[in-house]
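Structure, please.
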Amino acid sequence: MNFKAQFKHQLHHNQPLNFTGCALELFRYQSEHNPVYKHYLQQLGIKPEEVKTLTQIPFLPIEFFKTHEVKTDMYEPAVTFYSSGTTKQSRSRHLVADLDWYTATTRFIFEKFYGPLTDHVVLALLPSYLEQGGSSLVAMVDYFVEQTGQQEQGFYLREHDKLLEAIKHARQRGKKVLLIGVSYALLDWAVKLQGQEDFSDVTIMETGGMKGRRREMIREELHAHLKRGFGVDTIHSEYGMTELLSQGYSKGGGIFWPGFTMQVLLRDLNDPFDISPTHRSGGINVIDLANVDSCGFIETKDIGRMHDDGSFEVLGRFDNSDIRGCNLLIG
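You can find the predicted model right below:
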């Protein structure tokens with residue numbers, strides 16, 4: 001069994017996870033076997049054998065996924081995920097070696113937060129992602145729908161009446177209902193509903209992003225509209241992006257917890273190499289152990305706030321960065 005196969009087996013079978021040990025092990029391997037990352041480290045003058053802590057690890061700027069094939073070892077991708085954008089040429093590409101690895105990881109993470117998928121009916125309002133194609137979010141939700149064994153249709157473009165009937169049908173069968181949607185699509189329906197239906201037993205989960213369909217809102221304003229329209233007390237959120245195979249989830253208030261294969265570190269807003277656990281706000285860097293086939297150390301364009309318990313908030317994005325991915329609310 002080669003390194004990557006052993007590493008994947010370790011992540012999914014050995015719990016609790018020694019995250020720091022796994023991250024350093026992955027860093028040493030990718031510093032040698034990922035040509036793009038290896039060259040990046042060489043340009044920085046980094047000697048991998050001298051890296052002993054997570055804060056010493058250089059993080060690959062996320063823009064490299066637009067301009068390079070970010071792969072560890074040689075493989076033909078099973079699927080290529082694309083970020084939001086107008087053309088494939090301007091969209092980030094994540095070359096995924098093993099789709100089953102991605103979907104299994106997403107299931108592990110989701111079920112640690114929300115329990116077995118078989119207890120749920122998953123319904124999705126993701127029109128722009130469906131229309132554009134190549135979305136990792138759509139692949140994840142499609143897998144979730146399949147795993148639930150549900151009778152109800154999973155994806156909806158703008159068929160709100162059919163979606164309402166699906167919710168009622170799932171409710172009659174005693175299932176937990178998860179409605180996951182891009183922000184503007186959920187908001188469109190919430191404005192239409194105006195609290196006229198009872199969704200108090202439905203988990204409403206937004207993935208962020210107005211995609212140019214509506215004006216950008218701070219999270220508090222968006223969630224206030226959604227809570228009023230759907231008649232719920234709490235709005236859940238998912239944090240993920242094309243370049244990551246792991247997710248974080250918020251069960252309310254925009255406070256995210258990373259999945260077990262993921263850790264968030266903050267960098268100084270003016271010095272990308274100043275990474276410290278003492279930073280309470282700054283640029284979000286993500287260690288994603290699930291990115292074993294690409295790069296597990298990503299410097300995102302999100303700005304965040306860290307809490308002492310390991311949870312985090314997404315405050316906004318760096319100036320002039322693309323409107324893309326999930327949870328791109330400006331705050």
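
Check for me that Leu178 belongs to a strand.
Yes. According to DSSP: H, G, I helix; E, B strand; the rest coil, Leu178 belongs to a strand.

What is the neighbour count of it?
Residues contacting Leu178 under the criterion other Cβ atoms under 10 Å number 22. Every C-beta, even on glycine, is put in place using the N, C-alpha and C of the backbone.

What's opposite it in the beta bridge?
With beta bridges defined as DSSP bridges, Leu178 has these partners: Val122, Thr203.

so how far is Glu197 from it?
Shown here: Leu178 relative to Glu197, a distance of 16 Å by Cβ to Cβ, to the nearest Å.

cool, Gln6 as well?
50 Å.

repeat for Phe318
According to Cβ to Cβ, Phe318 and Glu197 sit 39 Å apart.

So, low pLDDT: which residues of this protein?
Counting by pLDDT under 70, the ranges of the chain that qualify are 1, 14-15, 85-89, 210-216, 319-331.

Show me which positions of the biggest strand by length in the chain end up buried.
When the chain is parsed with DSSP state E, its longest strand is strand 297-306. By 16 or more other Cβ atoms under 10 Å, the buried positions in strand 297-306 come out as Phe297, Ile298, Glu299, Thr300, Lys301, Asp302, Ile303, Gly304, Arg305, Met306.

What of stretch 77-96?
Within stretch 77-96, the residues that qualify as buried are Pro77, Phe81, Tyr82, Ser83, Ser84, Gly85, Arg91, Ser92, Arg93, His94, Leu95, Val96, counting by 16+ other Cβ under 10 Å.

Name the nearest of the buried residues of strand 297-306 relative to Glu146.
Nearest to Glu146 among the buried residues of strand 297-306 is Ile298, at 28.0 Å by Cβ to Cβ.

correct me, but the closest one touches Phe59?
Yes. Counting by Cβ atoms under 8 Å, Phe59 is a contact partner of Ile298 at 6.0 Å.

any chance you could map the strands in the stretch 151-300 of the chain?
For the stretch 151-300 of the chain, the strands defined by DSSP state E, counting those that start in this stretch occupy 155-156, 176-181, 202-206, 236-239, 248-250, 256-258, 262-267, 281-288, 297-306.

and Ile275, which of these is closest to it?
strand 262-267 (4.9 Å).

what's the closest one in contact with?
With contact meaning Cβ atoms under 8 Å, 6 or more residues apart in numbering, strand 262-267 is reached by 19, 23, 54-55, 59, 109, 244, 246-248, 258, 273-277, 279-290, 299, 304, 306, 310, 312.

still on that earlier bit, quick one: which of Phe318 and Glu197 has more around it?
Just comparing Phe318 and Glu197: by other Cβ under 10 Å the higher neighbour count belongs to Glu197, 15 against 11.

List the contacts of the more buried one.
Per Cβ under 8 Å, 6+ apart, neighbours of Glu197: Leu164, Phe230, Gly231.

For the residue nearest to Ala170 when sequence neighbours are not counted, give me its contacts.
Spatial nearest neighbour of Ala170, chain neighbours left out: Val121 (3.8 Å); criterion: Cβ to Cβ, 6 or more residues apart in numbering. Listed by Cβ under 8 Å, 6+ apart, the contact partners of Val121 are Thr148, Gln150, Glu152, Ala166, Ala170, Arg173, Lys175, Lys176, Val177, Leu178.

Are any of those residues buried, and if so which?
Thr148, Gln150, Glu152, Ala166, Ala170, Lys175, Lys176, Val177, Leu178.

pretty sure the first one is touching Leu117, no?
In this case it means Thr148. Yes. Counting by Cβ under 8 Å, Thr148 does reach Leu117; the two are 5.2 Å apart.

picking that back up, tell me which of the strands of the stretch 151-300 of the chain sits nearest to Leu44.
Comparing the strands of the stretch 151-300 of the chain under Cβ to Cβ, the one sitting nearest is strand 297-306, at 12.2 Å.
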